[in-house]
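Colleague: curious how this folds, go ahead:
(chains A, B, C and D)
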There are 2 protein chains.
Amino acid sequence: MRKQQLVRDTIWDAAIQLFAEKGFDETTVDDIAVAAGTSRRSFFRYFQSKSDLMAQDIVSYGASLADAIRRCPPGCSLPEVLRRTMLQAAQHSAAQPRTRQIMEIAAQYPAAREAQIARVAEVQEHLAAAYAERCRVNGGNDLTAHVLAGLTLSLLSVTFRTWFTNGQNDIASTVDQVFATVQQLMGGRVGAGRRSVPRGGG
Amino acid sequence: MRKQQLVRDTIWDAAIQLFAEKGFDETTVDDIAVAAGTSRRSFFRYFQSKSDLMAQDIVSYGASLADAIRRCPPGCSLPEVLRRTMLQAAQHSAAQPRTRQIMEIAAQYPAAREAQIARVAEVQEHLAAAYAERCRVNGGNDLTAHVLAGLTLSLLSVTFRTWFTNGQNDIASTVDQVFATVQQLMGGRVGAGRRSVPRGGG
DNA sequence: GTATAAAGTGGCACTGAGTGCCATGTCAAC
DNA sequence: GTTGACATGGCACTCAGTGCCACTTTATAC
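Modeller: The predicted model follows:
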């Protein structure tokens, strides 16, 4: 039924609203249920936990990421796949109406943040699988896929952080900036360019 | 007092033992308190939460990381700092007696895993600060520092994952392998993506 | 329209996490 | 032995999350 989704959305909207108004910790599940015109018991039929509410957008974020990887033209090199994936996911998230509000809640409440971070870690597994398919075409082993998945999420995390704290509008340029930074860092030479130094750094 | 640390260690040991035996979710704080010969109320004076127990080793992990960054010889390039940092942190963690046991618990119980992941995210902030100091010397801006911090943790995560699932003993070679993968991946031009040969070692 | 199965809802009671409060115990100083 | 600082543990409370069950709604069959 479509009514299911409606109830779900109603609860979610009410919750985010309350989190923004009262704070995450200060809002009880009862508060949310009442605000959404339902019961505490029903709340837990739609969401696994209070924290789960904060992780909802990560699901679509993850789907958007895996989708971007798979939709990349076959001719793309792996770094190009990474760049395009970052770009699409960043724009997808930036376009969600509640994104900034949710980021603000996450920034303010550790418990809310934890829920998001944990879900992102789950997404990483799916990304690695999507990249693994790519690697079969472009060359690269399972390790490459996992590195790419980790890279995607950590670079996007930096991207969002920069975008959010700078209050910028254009997230695409932030993506470019971050991507260029990694390339410069791991590819070119930055600063003192001595490559190998005797071991034992202590 | 040193006795404080003793009680703390006793509780922690008892907890990890119980998690390994009964499972994380199945172990209550009461169980832990009794096993450690103390009370539930005292438990919460030593640890913020049950999950906090799983995050204890992340604290020393984070300290080890920041330490490695700062101890790196001044002549090192940023990628070299990254490589050495990864290596030291990996070896530090691999040397902890309980590391594999804790990884097993984390692998099995989402709630336990979440606690660790959340703490790692906190560590990232400290790493970025340590890298920022480096960047003042080696060149590179604040963004570079944050990218490096994210890179460090995500690459180490892949490293531990590989090391853990493969049941390898030598984590240093795993670090080299992961590091080489990123260099190969991001080092070349966007079009081709093939570059230097992975350098074995350790 | 009525009967009925299936699914959704909400109340109730329970366990467990985490916290505030306070009485008690311990240990050192005087 | 008294005093003060501090650690401890018990008690009671709130809130998250779950199992159970009665009730209501909806869909389907006759």
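Colleague: count of neighbours near residue A:36?
Modeller: Residues within reach of residue A:36, counting by other CB atoms under 10 Å in any protein chain shown, total 22. Just so you know, the C-beta spots here come from the backbone N, C-alpha and C atoms, and that holds for glycine as well.
Colleague: could you do residue A:42 as well?
Modeller: 14.
Colleague: try residue A:139
Modeller: Residue A:139: 12 neighbours (other CB under 10 Å).
Colleague: what does residue A:175 give?
Modeller: What residue A:175 shows, counting by other CB under 10 Å, is a neighbour count of 26.
Colleague: gap between residue A:8 and residue B:22?
Modeller: Per CB to CB, to the nearest Å, residue A:8 is found 35 Å from residue B:22.
Colleague: please say which of those two ends up with more neighbours.
Modeller: A direct count of neighbours by other CB under 10 Å for residue A:8 and residue B:22 places residue A:8 higher, at 15 against 12.
Colleague: helix/strand/coil for the more buried one?
Modeller: helix (DSSP: H, G, I helix; E, B strand; the rest coil).
Colleague: does it touch residue A:46 like I think?
Modeller: Yes. Taking contacts as CB atoms under 8 Å, residue A:8 lies within contact range of residue A:46: 4.9 Å.
Colleague: how about residue A:87, what does it touch?
Modeller: A:172, A:175 (CB atoms under 8 Å, 6 or more residues apart in numbering or on different chains).
Colleague: I'd guess it is in a strand, am I close?
Modeller: No. Applying three-state DSSP, one finds residue A:87 to be helix, outside a strand.
Colleague: domains for chain A, by residue range?
Modeller: If you go by automatic domain parsing, the domain ranges for chain A are A:1-47, A:51-186.
Colleague: select, out of those, the one closest to DNA strand D.
Modeller: Closest to DNA strand D of the domains of chain A is domain A:1-47 (CB to the nearest atom of the strand; 3.7 Å).
Colleague: residue A:176: which element?
Modeller: Here residue A:176 is covered by helix A:171-186, with elements defined by DSSP states H and E.
Colleague: which other helices and strands does that helix contact?
Modeller: Judged by 3 or more CB pairs under 8 Å, 6 or more residues apart in numbering or on different chains; DSSP states H and E, helix A:171-186 is in contact with helix A:78-95, helix A:142-166, helix B:78-95, helix B:142-166, helix B:171-187.
Colleague: what's next to it, contact-wise?
Modeller: So helix A:171-186 is contacted by A:79, A:82-83, A:86-87, A:90-91, A:94, A:151, A:155, A:158-159, A:162-163, A:166, A:168, A:190, B:78-79, B:140, B:143-144, B:147-148, B:151, B:182-183, B:185-187, B:190 (CB under 8 Å, 6+ apart).
Colleague: low-confidence stretches in chain A?
Modeller: Within chain A, the segments meeting pLDDT under 70 span A:1, A:188-202.
Colleague: same thing but 90
Modeller: For chain A, applying pLDDT under 90 flags the ranges A:1-4, A:59-61, A:63-64, A:74-75, A:96-97, A:134-141, A:164-170, A:187-202.
Colleague: contact residues of it facing DNA strand C?
Modeller: Residues of chain A lying close to DNA strand C (CB under 7 Å from any atom of the strand) are A:1, A:3, A:4, A:7, A:38, A:39, A:40, A:41, A:42, A:45.
Colleague: which SSE is the third one in?
Modeller: So the one you mean is residue A:4. Using DSSP H and E, residue A:4 maps to helix A:2-22.
Colleague: with just CA atoms, put that helix into CSV.
Modeller: Extracted as CSV, the C-alpha positions of helix A:2-22 are listed here (Å, rounded to 0.1, in the frame of the first residue of the first chain):
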residue,chain,number,x,y,z
ARG,A,2,1.0,3.6,-0.7
LYS,A,3,-0.5,4.6,2.6
GLN,A,4,2.4,2.9,4.4
GLN,A,5,4.9,5.3,2.7
LEU,A,6,2.7,8.2,3.6
VAL,A,7,2.7,7.3,7.3
ARG,A,8,6.4,6.7,7.2
ASP,A,9,7.1,10.1,5.6
THR,A,10,4.8,11.8,8.1
ILE,A,11,6.7,10.3,11.0
TRP,A,12,10.1,11.2,9.4
ASP,A,13,9.1,14.8,8.7
ALA,A,14,7.7,15.2,12.2
ALA,A,15,10.9,13.8,13.7
ILE,A,16,13.3,15.9,11.8
GLN,A,17,11.2,19.0,12.6
LEU,A,18,11.4,18.1,16.3
PHE,A,19,15.1,17.4,16.2
ALA,A,20,15.7,20.8,14.7
GLU,A,21,13.5,22.5,17.2
LYS,A,22,14.1,20.7,20.5
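Colleague: okay then, goodbye and thanks.
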